[in-house]
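**Q** okay, here's the prediction I keep looking at, along with the sequence it came from:
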Amino acid sequence: METNRIKTRLIQFTTYFFILLFIYAAISKLMDFSKFQTQLEQVFSSHNYAVAISYNIIILELLIAGLLCYRRTRKTGLVFSLILMIAFTCYIFVILNFKEHIPCSCGGILEKMGWTEHLYFNIVSVILASGALLVINKNNLKSY
């Protein structure tokens, strides 16, 4: 019984972590939207791409947070959290290895981290999402 409670707590912690992360990130980007788009333009060298990507990232973050709020859609939300964090991690890897100086397009307190710290943060986030999904799938959990 104790093991199931620990597994449930891991899933709950991971779920709340991503809800807070994605809502916070989306709101931070919206609060300084023009800066967010300008930073994306520096990466993609195109205003049109930056505009499309900026809107899509914010919408995705809010949609995923919404999916995580409901038990019926929580697993789907965790899958999309994992996919988005893998995409962000790959993006950071490219920035670190193939670009000169690019300012971080994150908002709020995450903006204070350097690219290497972001990479570590994202790797931990990927591990958290993977762990929660592994627990759900391995134990065929219905209630979490």
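**A** Now that the structure is in, tell me what you want to look at.

**Q** C-terminal to the longest helix seen in the chain, what's the next element?
**A** In the chain, with assignment by DSSP state H, the single longest helix is helix 2-31. Using DSSP states H and E, the helix or strand that follows helix 2-31 in sequence is helix 33-44.

**Q** which secondary structure elements does that next one contact?
**A** Under the contact criterion of 3 or more Cβ pairs under 8 Å, 6 or more residues apart in numbering; DSSP states H and E, helix 33-44 touches helix 47-68. Every residue, glycine included, has its C-beta placed from N, CA and C.

**Q** which strands and helices sit next to the helix it packs on?
**A** helix 2-31, helix 33-44, helix 71-98.

**Q** tell me the buried residues in that helix?
**A** Buried residues in helix 47-68, counted by 16 or more other Cβ atoms under 10 Å: 50, 53-54, 57-58, 60-62, 64-65, 67-68.

**Q** and those residues, which is closest to Leu119?
**A** Distance to Leu119 across those (Cβ to Cβ) is lowest for Ile57, with 17.8 Å.

**Q** tell me the contacts of that closest one?
**A** Lys29 (Cβ atoms under 8 Å, 6 or more residues apart in numbering).

**Q** circling back to that earlier point, okay if I get the buried residues of helix 47-68 as a markdown table plus pLDDT and distance to Thr8?
**A** Output for the buried residues of helix 47-68, formatted as a markdown table (pLDDT from 0 to 100; distance: Cβ to Cβ, whole Å):
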| residue | pLDDT | distance to Thr8 |
| --- | --- | --- |
| Ala50 | 86 | 41 |
| Ile53 | 93 | 36 |
| Ser54 | 93 | 36 |
| Ile57 | 96 | 31 |
| Ile58 | 97 | 31 |
| Leu60 | 98 | 27 |
| Glu61 | 98 | 25 |
| Leu62 | 98 | 26 |
| Ile64 | 99 | 21 |
| Ala65 | 99 | 20 |
| Leu67 | 98 | 19 |
| Leu68 | 98 | 15 |
